[in-house]
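Trainee: generate a structure from the sequence data that follows.
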Amino acid sequence: MILYLGASSLVKLYVQEPDSGLVRAWIRSAEYVATCRIAYTEVISALSVRYRKGDLSKNDYDLIAGTFIKDWESYIKVDFDDLEAGNLAMKYDLPRLSAMHLSAALFLASEYGKCKSASFSEIKSRPETAVFFSSADPSLSQAAQNEGLTVLSLR
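Mentor: Now for the predicted structure:
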């Protein structure tokens, strides 16, 4: 399976939150992990906010951010269609970044295209590989389900 993670689900891999264990279990089952190229900035920003708020020590922040930066290379980075993202934002009243993630996930599910990963050709040659979507944002998850994506629900 290809597991598409929105930024809120990606953060759960690096910071202990509700459902972190569930997301980690999905990662272990996935052949590939994909996300939108904007997720890098979102995750680094979320970690920085936690550090500034005192939720993470300097050591923890450095370790977690470093691990994420290293892991980023292994993720499939998917682009989004700006017009589609705008239409999805209007259709579902989604914030801009959520609409971009949904556009990227839909693109991945429909074509397995424009993946910035060395494994792109391998994925493209295996059309039976299913795409699963995860986000901690209920409105984004509902929009993804409405658009026909298979959504892995967080509790």
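
Trainee: now residue 14: how far from residue 81?
Mentor: Counting by CB to CB, to the nearest Å, the gap from residue 14 to residue 81 is 28 Å. Every residue, glycine included, has its C-beta placed from N, CA and C.

Trainee: and those two? which has more neighbours close in?
Mentor: residue 14 (20 against 15; other CB atoms under 10 Å).

Trainee: how much space between that one and residue 52?
Mentor: In terms of CB to CB, residue 14 sits 16 Å off from residue 52.

Trainee: just residue 78 next, same as before
Mentor: Distance from residue 78 to residue 52, by CB to CB: 29 Å.

Trainee: repeat for residue 97
Mentor: Counting by CB to CB, the gap from residue 97 to residue 52 is 20 Å.

Trainee: more crowded one of the two?
Mentor: residue 97 (20 against 10).

Trainee: need the contact list for the more buried one.
Mentor: Neighbour list for residue 97: 7, 38, 42 [criterion: CB atoms under 8 Å, 6 or more residues apart in numbering].

Trainee: excluding sequence neighbours, find me the nearest residue to the second one.
Mentor: When you say that, I think you mean residue 38. Spatial nearest neighbour of residue 38, excluding adjacent residues (CB to CB, 6 or more residues apart in numbering): residue 100 at 5.6 Å.

Trainee: how many residues are close by residue 22?
Mentor: Residues near residue 22, counting by other CB under 10 Å: 16.

Trainee: got a pLDDT number for it?
Mentor: Listed pLDDT for residue 22 reads 94.

Trainee: circling back: among the contacts of residue 97, who's most crowded?
Mentor: For the contacts of residue 97, neighbours tallied by other CB under 10 Å; top is residue 7, 24 neighbours.

Trainee: for it, give its distance to residue 25.
Mentor: 19 Å.

Trainee: low pLDDT regions in the chain?
Mentor: 112-129 (pLDDT under 70).

Trainee: show me where the protein has helices.
Mentor: Secondary structure of the chain by DSSP state H: the helices cover 7-14, 20-29, 39-52, 58-72, 82-92, 96-111, 120-124, 138-146.
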